[in-house]
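[1] Here is a sequence together with a model predicted from it:
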Amino acid sequence: MSSKPGSKPLRVAVVGGSMGGLTTALLLRDLGHEVDVFERATGELTGFGAGIVAHEVSTRYFVQRTPDWLAQTTVHVPSHRMLDGSGALLWDYPVAYRFVSWGGLYRALLGAFGRERYHQGAALVGFDQDAAGVDLRFASGRESRYDLLVLADGLLSTGRQRLFPGVEPVYSGYVAWRGTVAEGDIPARILQQLDDTITYVLVPNSHILVYPIPGNDNRVDRGHRSWNFVWYRNVAKGAALEELLTDRDGYPHSASLRPGRVQDRYVHELKEHASAALPQDVAAIVNATEQPFIQAVMDVESPAMAVGRVCILGDAAFVARPHAAAGTAKAAENAWTLAAAIATVEDDLPDALQRWSAHQTALGSSLVARSRHMGEGSQFRCDWRPGDPALRFGLYEPGDSCTWTRAAHSAAATRREEGGARSE
Ligand SMILES: Cc1cc2nc3c(=O)[nH]c(=O)nc-3n(C[C@H](O)[C@H](O)[C@H](O)COP(=O)(O)OP(=O)(O)OC[C@H]3O[C@@H](n4cnc5c(N)ncnc54)[C@H](O)[C@@H]3O)c2cc1C
């Protein structure tokens with residue numbers, strides 16, 4: 001992809017230096033534009049130490065440059081099975097998922113972009129735009145003018161509050177307990193039960209997933225990986241949720257608690273309930289986790305993704321419940337299609353952004369709706385059917401995260417062409 005010959009480089013500000021922001025910054029810089037990334041955090045972003053599905057679009061930047069990148073950095077899982085609470089097999093099926101560590105992917109993106117124009121401790125507080133540009137204001141007092149502002153500032157986006165006041169995260173009625181355990185700390189007899197699979201356990205009004213991911217040092221060889229669990233548990237909105245999201249020092253949080261911050265009594269309850277309600281091998285992973293952490297499951301839906309010269313992407317624009325495992329893929333797809341739209345701009349940038357917004361807003365809305373339906377089915381309607389293809393991971397449709405097959409590759413290529421064509 002390259003910019004139109006002879007066109008003047010755009011000055012681009014990307015706010016938020018995580019998955020969506022860094023992917024956008026890399027792709028727009030590769031087009032020849034002058035890109036600055038502004039990230040509020042002061043140190044290196046440290047992940048929750050958890051894994052994400054290596055969707056084709058999330059890893060495309062690296063796979064295009066290093067063909068064996070996937071083999072080096074992701075864990076391949078060839079089978080998906082569902083159990084009931086007693087451990088009885090309900091269903092199993094071959095899949096081709098790959099999992100990458102959040103930290104590994106973030107460090108790769110940051111390494112590729114470099115630190116020269118990655119400005120940390122830079123919190124956007126406001127902006128104004130006119131026909132020719134966007135004026136940005138930062139908490140530090142810095143003020144800068146750019147041709148294009150890309151807001152990639154996540155779930156609690158300041159940018160979204162300015163663009164679309166009133167669009168807020170909506171709590172789903174349940175939280176995701178998550179955690180990781182080093183493979184070396186798991187007894188061999190437990191690993192034998194779980195290996196080579198992503199295991200779901202379906203219990204009334206809840207479900208848990210267990211699967212292998214790269215280890216702390218990003219190693220993917222057996223014995224050095226980690227095991228990741230995600231357990232969805234219902235917590236009523238209001239006092240119960242507020243108390244759970246109050247950290248061990250008494251500070252309230254609105255959306256998540258990091259490893260080591262959850263009050264001990266909740267960790268004890270989690271482990272006791274795991275032993276009582278889950279098959280032994282799955283409970284063993286929960287019980288071996290030293291610092292489980294919590295994310296409140298939320299929906300965010302923006303009415304559009306571009307207003308004039310400002311666009312918004314990733315979790316800042318739409319947050320889907322994690323059941324389709326496509327949050328990072330959506331952020332990356334937003335970035336790749338935005339770059340395709342900008343690559344073809346003649347002179348009317350806002351018009352190109354509007355067309356990009358139309359198809360990526362449709363993607364965000366459909367992913368939020370599909371993920372909400374999946375979540376409600378597990379947590380409230382209790383109508384999940386083991387083996388239902390609609391429960392598979394996917395960005396545009398269930399199953400498209402099984403990317404490493406010929407069919408999925410050509411489907412992804414077709415979608416890219418359609419996305420590019422729509423944004424021209
Ligand atoms: C530190 C961290 C760890 C994560 N770990 C995992 C994980 O293990 N597994 C998983 O599935 N998902 C994880 N996520 C979430 C995941 O990255 C997102 O759900 C998804 O990839 C979409 O990414 P995003 O770039 O749109 O948003 P995010 O990843 O949420 O990034 C938003 C970024 O914007 C920055 N920011 C916010 N407000 C401002 C502001 N006013 N000015 C400047 N910068 C601002 C934030 O500091 C953050 O770096 C993590 C996110 C973060 C930030």
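    Arrived safely.

[2] Just the C-alphas of stretch 220-227, formatted as CSV.
    What follows is stretch 220-227 as a C-alpha-only set of coordinates in CSV (Å, rounded to 0.1, in the frame of the first residue of the first chain):
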residue,chain,number,x,y,z
VAL,A,220,5.8,-21.1,22.6
ASP,A,221,7.5,-24.4,23.2
ARG,A,222,5.9,-26.9,25.5
GLY,A,223,6.8,-26.6,29.1
HIS,A,224,7.4,-22.8,28.7
ARG,A,225,3.9,-21.7,27.7
SER,A,226,1.2,-20.3,30.0
TRP,A,227,-2.4,-21.4,30.5
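
[3] list the buried ones in it?
    220, 225-227 (16 or more other CB atoms under 10 Å). To be clear about C-beta, it is placed using only N, CA and C from the backbone, and glycine gets the same treatment.

[4] Over to stretch 63-83?
    63, 69-70, 73-77, 80-83.

[5] ok, so of those, who is nearest D92?
    Nearest to D92 out of those is R81 (CB to CB; 3.8 Å).

[6] In helices, which of the buried residues of stretch 63-83 fall?
    63, 69-70, 73 (DSSP state H).

[7] Let me know the pLDDT of the residue in the chain that the ligand sits nearest to.
    For the chain and the ligand, the shortest gap (CB to the nearest ligand atom) falls at G314, measuring 2.1 Å. If you check G314, the pLDDT there is 98.

[8] The residue lying closest to it once chain neighbours are set aside and G51, how far apart?
    Closest residue in space to G314, ignoring its immediate chain neighbours: G20 at 2.8 Å, by CB to CB, 6 or more residues apart in numbering. As judged by CB to CB, to the nearest Å, G20 and G51 stand 18 Å apart.

[9] Any residue of the longest helix seen in the chain touching the ligand?
    Ranked by number of residues, the top helix in the chain under DSSP H is helix 349-376. No - Helix 349-376 does not reach the ligand (CB under 6 Å from any ligand atom); its nearest approach is 11.2 Å.

[10] now for that helix, which elements pack on it?
    Counting contacts by 3 or more CB pairs under 8 Å, 6 or more residues apart in numbering; DSSP states H and E, helix 349-376 is packed against strand 170-182, strand 293-301, strand 306-307, strand 310-312, strand 318-319, helix 327-343, helix 406-422.

[11] Now find how far off-centre that helix is within its chain.
    Computed by CA atoms, centre = their mean, to the nearest Å, the chain-centroid distance of helix 349-376 equals 15 Å.

[12] do stretch 11-31 as well
    16 Å.

[13] List the buried residues of the helix or strand that contains L110.
    For L110, the host element (DSSP states H and E) is helix 102-113. Going by neighbour count (16+ other CB under 10 Å), the buried part of helix 102-113 is 102-106, 108-110, 112-113.

[14] Give me the helices and strands touching the helix or strand that that helix is followed by, please.
    The helix or strand immediately downstream of helix 102-113 is strand 118-120, counting by DSSP H and E. Applying 3+ CB pairs under 8 Å, 6+ apart, one finds that strand 118-120 makes contact with strand 34-39.

[15] partners of the helix or strand following the strand it packs on in the sheet?
    For strand 34-39, the following helix or strand on the C-terminal side (DSSP H and E) is strand 51-53. Sheet pairing of strand 51-53 (DSSP bridges) gives strand 89-101 (antiparallel).

[16] residues from the stretch 151-300 of the chain in reach of the ligand?
    Taking CB under 6 Å from any ligand atom as the criterion, the neighbours of the ligand within the stretch 151-300 of the chain are 152-155, 158.

[17] which of the buried residues of helix 102-113 come close to the ligand?
    Okay, of the buried residues of helix 102-113 touching the ligand (CB under 6 Å from any ligand atom), that's W102.

[18] Leaving out the residues flanking it, which one is nearest to A324?
    The spatially closest residue to A324, leaving aside those adjacent along the chain, is S371, at 4.8 Å (CB to CB, 6+ apart).

[19] How about G184, nearest residue that isn't a chain neighbour?
    Spatial nearest neighbour of G184, chain neighbours left out: G223 (6.2 Å); criterion: CB to CB, 6+ apart.

[20] show me where the stretch 101-250 of the chain has strands.
    Along the stretch 101-250 of the chain, the stretches classed as strands by DSSP state E, counting those that start in this stretch are 118-120, 124-129, 134-138, 143-146, 148-151, 170-182, 197-203, 206-213, 226-234.

[21] Direction included, what does the first one pair up with?
    To tie it back to what came earlier, the one meant is strand 118-120. strand 34-39 (parallel).

[22] dump the residue contacts of R248.
    The contact partners of R248, by CB atoms under 8 Å, 6 or more residues apart in numbering, come to 261-264.

[23] before we move on, the earlier item: and the angle for the longest helix of the chain with strand 293-301?
    Helix 349-376 and strand 293-301 meet at an angle of 130 degrees, taking axes from the mean of the first three to the mean of the last three CA atoms, to 10 degrees as the criterion.

[24] Report the rounded mean pLDDT for helix 349-376.
    Helix 349-376 comes out at a mean pLDDT of 97.

[25] for the ligand, what are the nearby residues on the stretch 1-150 of the chain?
    15-21, 38-41, 45-48, 50, 52, 102, 122-124.

[26] any low-confidence regions in the stretch 251-400 of the chain?
    Counting by pLDDT under 70, the stretch 251-400 of the chain contains no low-confidence range.

[27] Next up, the contacts around W91.
    81-82, 386-387.

[28] before we move on, back to that, who wins for most neighbours among the residues of the stretch 151-300 of the chain next to the ligand?
    Within those, most neighbours by other CB atoms under 10 Å means A152, with 31 neighbours.

[29] Report the separation between it and T246.
    In terms of CB to CB, A152 sits 29 Å off from T246.
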